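1. Would you be able to build a 3D model of this:
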Amino acid sequence: MALSPPTIDRLASQIAFLVEVDKLKEIFRQTQLINSGRQENDAEHSWHLCLLVLVLAEHANDPQLDVLRVLKMLIIHDLVEIDAGDTFAYDTAAMADQHAREAIAADRIFGLLPADQTTEFRALWDEFEAQETTTAKFAAACDRFQPMLLNLKTKGASWQKHGITHDRVIDRNQPIAAGSTVLWERMSALLAAAVADGLLSPSPQS
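-> The predicted structure is shown next:
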């Protein structure tokens, strides 16, 4: 049976979106891969995040966590970096207008999809940004946990490169506790050990 013109148009939009988001593989982050030492790209980050959710969802503060919604949120939330670029977590100047830049990117990239999917994807992105639901809080917890794990396993590579100290890592990442107190307690202990091992510079003396 032949497809009707509306169905053809819908599929064409979906294919155009899928081709466009392949660019995510070429957006590189500050974190390094554990084995090769090269910079991680956003697509690799998104894959690792989704696997991390599947493995660690049992540690979420919310026992009724909607895991599928968390996965949807994390697989699409960095697509905006195709236009906006990756913003280093400790670059305070770039962080100032990050949301505004990424919101414009969200309009364009999600707008490639059919209207219903545009609405769904933008709602997921907005929910993650707002950090009000337990779903978004756990998604954000995983998003912060993953790069620290890579840093710990690459001898603090990006921390060392940018002169990041323990207090800055704590300030940036303690919102993990809002999504999972278990993950934050474990990461806090790992960060303390990283300071003791020389992987992370200690906080400046007050």
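
2. Flag every buried residue along the helix or strand hosting R122.
-> Assigned by DSSP states H and E, R122 belongs to helix 115-130. Of all the residues in helix 115-130, those buried under the rule 16 or more other Cβ atoms under 10 Å are T118, F121, R122, L124, W125, E127, F128, E129. Every residue, glycine included, has its C-beta placed from N, CA and C.

3. show me what contacts the last one?
-> Meaning E129. E129 is in contact with H99, counting by Cβ atoms under 8 Å, 6 or more residues apart in numbering.

4. List of residues touching the worst-scoring helix or strand of the chain on mean pLDDT?
-> Each helix and strand of the chain was given a mean pLDDT (mean pLDDT, DSSP states H and E); the minimum falls on helix 92-96 at a mean of 82. For helix 92-96, contacts defined as Cβ under 8 Å, 6+ apart pick out T87, F88, A89.

5. Sort those by pLDDT and name the bottom one.
-> Lowest pLDDT among these: A89, with 84.

6. On the pLDDT front, check the residue sitting nearest the centre point of the chain for me.
-> Closest residue to the average C-alpha location of the chain: D143 at 4.1 Å, with Cα atoms, centre = their mean. The per-residue pLDDT reported for D143 equals 98.

7. Let me know whether it touches V70 as I believe.
-> No. D143 is not in contact with V70 according to Cβ atoms under 8 Å; the separation is 10.3 Å.

8. so who does the residue nearest to the centre of the chain touch?
-> L49, L74, H77.

9. How many residues are close by L11?
-> 12 (other Cβ atoms under 10 Å).

10. now L49
-> When neighbours are counted by other Cβ under 10 Å, L49 comes out with 22.

11. Surely it is within a strand?
-> No. Membership of L49 in a strand is not supported by DSSP: H, G, I helix; E, B strand; the rest coil, which gives helix.

12. For the longest strand seen in the chain, which helices and strands make contact with it?
-> Counting by DSSP state E, the longest strand found in the chain is strand 28-32. Applying 3 or more Cβ pairs under 8 Å, 6 or more residues apart in numbering; DSSP states H and E, we find strand 28-32 packed against strand 39-41, helix 42-56, helix 134-153, helix 157-162.

13. now with 6 Å?
-> Other helices and strands packing on strand 28-32, by 3 or more Cβ pairs under 6 Å, 6 or more residues apart in numbering; DSSP states H and E, are strand 39-41, helix 157-162.
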